[in-house]
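S.K.: Mind looking at a prediction? Sequence and model below.
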Amino acid sequence: TRSTRPQRMLKAVQKNATKGNPESVISAIDYFCKHSEWAMNVGDEKGSILDSVVTEVNPSTVLELGTYCGYSTVRIARLLSPGTKFITLEFNPANVTVARQIIAHAGLQDKVTVVEGSSGDLIPQMKERFGITTFDFIFLDHWKDRYLPDIKLFEECGLLRKGSVLLADNVICPGAPEYLEYVRNSPRYESRYYPAHLEYTTLEDGMEKSVFLG
Ligand SMILES: Oc1cc(-c2ccc(F)cc2)cc2nccnc12
Ligand SMILES: [Mg+2]
C-alpha cells in the first residue's frame, strides 16, 4: 500500500541527513517540504522564532503539544542544557513511530520523551507520571481547538509558575481566535505576537508568546 507523507519524510531524512547531526535533520526536512511535499512542520522561519524563545528561556522543564514528525522536537532538543526534562505529546500513533525515528536519527532520543495520547488526557497526568511540578516552557502546536481548553487545564493542574512561557504556533493560520482572545485579555498573562508566514509559503501566520504572571 502507498506510503504516508510522514513515512516519505522519514526516508528523506535517513537518505539526506547525517546521523547524530540535528542541523542536517532540520535542513533535510525543510528541503523535503520546499521541494517535494509540503508538510505542517513549524518550518525554518517560525523555527527561528522558536529557537530564540527557547534560548532566551533556557528551560529546565519543557512540554510540546503536537509532535507530528519531530521537526520542532529536534529544534528544541538540540538547544536544551543537559538534564532538562523534555516531554512531547502526540495523538496519532503513526506519527509517534515516525517522530521517534527522526529524533533518533538526530541523536536526540535521550533528550526527550515522546508520549502517545491526547493532551486532554495526559496533561493531568504530568505530575504523577513524569514527576513534573511546573513547566518553564510550553510549545503549543497541536489541534487549534485544543489551545484554549489546554491552557485552562495547565492552570487548573498547577503546571504553570510565575514566568512560565507558552509559545503557540498557527495563531493566524489555521488560527486560534478564542486562545488569542483569552491570553491577550487575561490579567494573568503578558502576551506578544511574532508575525511570520505559514511554513514554506507566503501566507500570513504568526506565533503568540505568553508569559504566565502567577
Ligand atoms: O503548522 C500547522 C499548519 C496547519 C495547516 C494545514 C493546512 C493548511 F492549509 C494550513 C495550515 C495545520 C497544523 N495543525 C497542527 C499543528 N500545526 C499546523
Ligand atoms: Mg504548526
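M.R.: Good, I have the coordinates. Ligands and ions are numbered 1, 2, ... in the order given.
S.K.: How about the contacts made by the residue in the chain positioned nearest to ligand 2?
M.R.: Residue nearest to ligand 2 within the chain (CB to the ion): residue 169, separated by 3.7 Å. C-beta: built from backbone N, CA, C; applies to glycine. For residue 169, the contacting residues are 42, 46, 72, 139-141, 205, 207, by CB atoms under 8 Å, 6 or more residues apart in numbering.
S.K.: By neighbours, which of these wins?
M.R.: Among the contacts of residue 169, residue 140 has the most neighbours (other CB atoms under 10 Å), with 27 neighbours.
S.K.: where does the closest residue in space to it that isn't next to it in sequence land on pLDDT?
M.R.: Nearest residue to residue 140 in three dimensions, chain neighbours excluded: residue 168, at 4.2 Å (CB to CB, 6 or more residues apart in numbering). Residue 168 carries a pLDDT value of 99.
S.K.: hey, where'd the strands end up in this protein?
M.R.: Counting by DSSP state E, the chain has strands at residues 61-65, 85-90, 113-116, 137-140, 165-168, 189-197, 204-212.
S.K.: how about JSON lines for the ones you listed, with distance to ligand 1 added?
M.R.: Output for those, formatted as JSON lines (distance: least, CB to the nearest ligand atom, whole Å):
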{"stretch": "strand 61-65", "distance to ligand 1": "9"}
{"stretch": "strand 85-90", "distance to ligand 1": "11"}
{"stretch": "strand 113-116", "distance to ligand 1": "16"}
{"stretch": "strand 137-140", "distance to ligand 1": "9"}
{"stretch": "strand 165-168", "distance to ligand 1": "10"}
{"stretch": "strand 189-197", "distance to ligand 1": "11"}
{"stretch": "strand 204-212", "distance to ligand 1": "7"}
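S.K.: how close does residue 127 sit to residue 38?
M.R.: 38 Å (CB to CB, to the nearest Å).
S.K.: do residue 123 as well
M.R.: Distance, residue 123 to residue 38, by CB to CB: 30 Å.
S.K.: Equivalent analysis for residue 49, please.
M.R.: Distance, residue 49 to residue 38, by CB to CB: 20 Å.
S.K.: Tell me which of the two has more neighbours.
M.R.: Between residue 49 and residue 38, counted using other CB under 10 Å, the more crowded position is residue 49 (18 against 14).
S.K.: Spatially, what comes nearest to the more buried one if we skip its sequence neighbours?
M.R.: In this structure, residue 49 finds its nearest non-sequential neighbour in residue 194, 5.0 Å apart by CB to CB, 6+ apart.
S.K.: beta partners for that neighbour?
M.R.: Note on residue 194: beta-bridge partners residue 207, judged by DSSP bridges.
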